[in-house]
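Q: Coordinates for the following, if possible.
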Amino acid sequence: MNELQRRWEAFRLRPFPKGHTGEEVEGVCLATLDTFAAGCIDSYTGAGQLDSERHEILESCYADIETVLPELSGEGREYFEELAWLAREVLTRLSNPGHESAEGEVE
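A: The predicted structure follows:
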């Protein structure tokens, strides 16, 4: 199992951080951001690709994650840092189809 798949499986088991449901940071609803980003990542890990609409959604989600991260701390920050890593990894792989994972596997 490659690192992206392993980290995605672990992330899926994490509960959404307590106290952040319904919270908006910098005008971004954290629960909605999580839902859209996770949906795109899940689609990618299942199919190995994203259609153009989901690709654009994930790019937008990644930008929003980068916007909210400085305002978060503790469990919420850790959660969204991992979501940022996952989104960035998917976007990198979409931009570079021959991108090697951290384990040296060509995706």
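Q: Residues in contact with the longest helix along the chain: which ones?
A: Taking DSSP state H as the criterion, the chain has its longest helix at helix 74-95. Helix 74-95 is contacted from outside by 3-4, 7-8, 11, 14, 16-20, 30, 34, 37-38, 40-41, 44-45, 49-50, 55, 58-59, 61-62, 65-66, 68-69, 72, 99, 107, using CB atoms under 8 Å, 6 or more residues apart in numbering. The way it works is simple: take the backbone N, C-alpha and C, and place the C-beta from them, glycine included.
Q: of those, buried ones?
A: When the contacts of helix 74-95 are checked for burial by 16 or more other CB atoms under 10 Å, the buried set is 4, 7-8, 11, 17, 20, 30, 34, 37-38, 40-41, 44-45, 50, 55, 58, 61-62, 65, 68-69, 72, 107.
Q: So which of those residues belong to helices?
A: Short answer: the buried ones among the contacts of helix 74-95 in helices (DSSP H) are 4, 7-8, 11, 30, 34, 37-38, 40-41, 44-45, 55, 58, 61-62, 65, 68.
Q: Quick check: which ranges of this structure have low pLDDT?
A: Residues of the chain meeting the criterion pLDDT under 70: 1, 98-107.
Q: hmm, try it at 50
A: For the chain, the stretches with pLDDT under 50 are 101-107.
Q: Identify the residues contacting residue 29.
A: With contacts taken as CB under 8 Å, 6+ apart, residue 29 has the following neighbours: 22, 23.
Q: State the distance from it to residue 53.
A: Counting by CB to CB, to the nearest Å, the separation of residue 29 from residue 53 is 20 Å.
Q: Number of residues surrounding residue 86?
A: When counting by other CB atoms under 10 Å, one arrives at 24 neighbours for residue 86.
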